[in-house]
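> no sequence on hand, only this structure:
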């Protein structure tokens, strides 16, 4: 019985940790989650050709500069670019950019 109560308390604390972190961000005046847009000159996710690494880095800088954020590229994995997004000294998100399609998503 005691083990069941302890496991329930642990599970509840894990489930509510994300809510607490989100409330802390709001209380600190942090920006909400980033809504991602397109990187290609065409509609989102439909690049005519795969971006080079240099084009991908430039696209990240331009996209996030408009939102007052700073991307730091962490890794290149084939056609993907992994980057951390910072708002000043604070990590806001980690993203992955598909250079072939131009799509980006959060991996945080």
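Yes, it's here. On a predicted model such as this, the values are computed, not experimentally measured, just so you know.
> now do the strands in this protein.
Taking DSSP state E as the criterion, the chain contains strands spanning 70-77, 80-87, 90-98, 104-106.
> so where do the helices sit in the protein?
Assigned by DSSP state H, the helices in the chain fall at 2-27, 53-65.
> least confident of those, on average?
Mean pLDDT per stretch puts helix 2-27 lowest among the helices of the chain, at a mean of 66.
> now tabulate the strands of the chain in CSV and tack on mean neighbour count.
(Glycine included, C-beta is placed from N, CA and C.) Output for the strands of the chain, formatted as CSV (neighbours: other Cβ atoms under 10 Å):
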stretch, mean neighbour count
strand 70-77, 14
strand 80-87, 18
strand 90-98, 18
strand 104-106, 16
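> how about the ones you listed, which one is nearest residue 50?
Minimum separation from residue 50 across the strands of the chain (Cβ to Cβ) falls at strand 90-98, 9.1 Å.
> state the mean pLDDT of the closest one.
90.
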